[in-house]
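> here you go, sequence then predicted model.
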Amino acid sequence: MLTLNQVQFYYRKGQSVLDEISFAVKKREFLAIVGGNGSGKSTLAKLMKGLLLPKKGSVQFNKLDTTEPEVAADIHRRIGIVFQNPDDQFITTTVTDEIVFGMENLRIPRDEMHARLNLVLKAVGLENEAEAMPHQLSGGQKQRAAIAAVLAMQPDMIILDEATSMLDPEGRQQMLLIMQELHRQGVTIVHITHHMDEVLHAERVLLLHEGHIAYDGTPAVLFELVALADYGLHAPFAVRLRQSLSKAGPTAPLIPDWKEWTRSQWSMR
Ligand SMILES: Nc1ncnc2c1ncn2[C@@H]1O[C@H](COP(=O)(O)OP(=O)(O)OP(=O)(O)O)[C@@H](O)[C@H]1O
């Protein structure tokens with residue numbers, strides 16, 4: 001569906017941000033992309049959406065190069081993106097207008113637009129906020145409104161670029177449930193995050209480090225075999241707890257020494 005082949009990108013010549021990036025996102029896949037600060041995740045998201053073009057190599061959507069002008073319009077409709085800061089993505093004054101805006105650009109007939117509007121509001125649980133102004137919404141509601149606006153275009157793929165990072169635990173949980181449901185319905189999901197517990201929901205994870213792919217595989221193997229601390233990351237709480245308990249062996253007390261355990265977790269960071 002989306003193929004990156006030997007991609008290199010820099011903002012300033014001689015200062016490569018991404019190098020030799022090759023991977024393919026398969027249709028209906030749930031892919032997570034993780035990496036420390038400045039590892040190139042957002043840059044990669046923009047290359048995948050065709051908002052940036054590679055300096056070397058190629059990004060192809062359904063075998064067509066993102067450098068081709070006619071491919072840009074197709075990608076605009078078929079790959080949606082939701083960014084980190086919900087306040088940066090609203091251009092209209094109500095949730096409904098925000099959702100309708102993209103559809104008007106696509107010249108969707110009025111009846112169809114109305115049907116899609118109701119569908120996407122329901123999908124993200126914002127039926128009662130249809131006429132609300134975006135700035136009146138909570139952080140989680142804003143991100144759900146942003147997803148609804150993207151969904152109304154009926155994309156094949158949604159890229160969420162740290163879209164959960166500014167949300168409280170409940171907001172994050174709701175977003176994860178929406179991602180899982182969309183994935184179940186056949187939408188390809190690319191979830192960029194630094195919350196490692198969210199990676200557990202993905203089928204596959206890419207670890208970016210200093211502009212290179214350091215790992216491409218299942219979350220289970222990543223947590224089991226990769227020294228995440230070397231990449232400025234640490235495994236989810238549940239995985240670390242299990243590893244600590246299994247290290248302690250079968251004779252370990254049922255209630256672990258929490259003080260000792262917490263100390264060891266902090267020293268891993
Ligand atoms: N518009 C820009 N102009 C110049 N340099 C940039 C620009 N955007 C990003 N960079 C640089 O590119 C590198 C990768 O940044 P990017 O935002 O892609 O990383 P990231 O992994 O998403 O980081 P974070 O997790 O901190 O958001 C960083 O060194 C950053 O300073």
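Sure thing, it's come through. Numbers count the residues shown, from 1 in each chain.
> domains in this structure, by residue range?
In the domain annotation for the chain, the residue ranges read 2-235, 236-269 (automatic domain parsing).
> the ligand is nearest to which of the ones you listed?
domain 2-235 (3.3 Å; C-beta to the nearest ligand atom). Backbone N, C-alpha and C define where each C-beta goes, glycine included.
> any figure for the gap between the residue positioned nearest the centre of the chain and residue 211?
In the chain, the residue lying closest to the centroid (C-alpha atoms, centre = their mean) is residue 191, at 2.1 Å. Distance of residue 191 to residue 211, given as C-beta to C-beta, to the nearest Å: 20 Å.
> for stretch 229-246, give the mean pLDDT please.
Mean pLDDT, stretch 229-246: 80.
> same question for stretch 176-187.
92.
> in stretch 143-156, what's buried?
143-156 (16 or more other C-beta atoms under 10 Å).
> typo on my end, stretch 201-220
201-202, 204-209, 211, 213-215, 219.
> so can I have CSV of the residues you listed showing distance to residue 179, secondary structure and pLDDT?
Shown next, in CSV, are the buried residues of stretch 201-220 (distance: C-beta to C-beta, whole Å; DSSP: H, G, I helix; E, B strand; the rest coil; pLDDT from 0 to 100):
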residue, distance to residue 179, secondary structure, pLDDT
201, 7, coil, 84
202, 9, coil, 94
204, 14, strand, 97
205, 14, strand, 96
206, 16, strand, 96
207, 19, strand, 95
208, 20, strand, 95
209, 24, strand, 94
211, 26, coil, 94
213, 22, strand, 96
214, 24, strand, 95
215, 21, strand, 95
219, 15, helix, 92
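> now the residues you listed as CSV including distance to residue 134?
What follows is the buried residues of stretch 201-220, written out as CSV (distance: C-beta to C-beta, whole Å):
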residue, distance to residue 134
201, 27
202, 29
204, 33
205, 32
206, 31
207, 34
208, 31
209, 35
211, 34
213, 36
214, 37
215, 37
219, 33
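> of the residues you listed, which pair is most distant in space?
201 and 211 (25.6 Å; C-beta to C-beta).
> just checking, next helix/strand downstream of the host helix or strand of residue 33?
If you go by DSSP states H and E, residue 33 is part of strand 30-35. Later in the chain than strand 30-35, the nearest helix or strand by DSSP H and E is helix 41-48.
> quick one: the helices in the protein?
41-48, 69-78, 95-105, 110-123, 139-151, 169-184, 196-199, 219-225, 237-248, 258-268 (DSSP state H).
> buried set for the shortest one?
By neighbour count, with 16+ other C-beta under 10 Å as the criterion, the buried positions of helix 196-199 are 196, 198, 199.
> got it, and the longest one?
By neighbour count with 16+ other C-beta under 10 Å, helix 169-184 contains the buried residues 171, 172, 174, 175, 176, 178, 179, 182, 183.
> what packs against that helix?
Applying 3 or more C-beta pairs under 8 Å, 6 or more residues apart in numbering; DSSP states H and E, we find helix 169-184 packed against strand 30-35, helix 110-123, helix 139-151, strand 157-161, strand 188-192.
> repeat that for 6 Å
When contacts are defined as 3 or more C-beta pairs under 6 Å, 6 or more residues apart in numbering; DSSP states H and E, helix 169-184 sits against helix 139-151.
> and the helix it packs on, what does it pack against?
Counting by 3+ C-beta pairs under 6 Å, 6+ apart, helix 139-151 packs on strand 79-82, helix 95-105, helix 169-184.
> now render these as CSV, adding distance to residue 31.
Converted to CSV, these look like this (distance: least, C-beta to C-beta, whole Å):
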stretch, distance to residue 31
strand 79-82, 13
helix 95-105, 24
helix 169-184, 10
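> quick one, which of those gets closest to residue 234.
helix 169-184 (17.4 Å).
> give me the residues contacting the closest one.
Under the contact criterion C-beta atoms under 6 Å, 6 or more residues apart in numbering, helix 169-184 has outside partners 30, 124, 139, 140, 143, 164, 189, 201.
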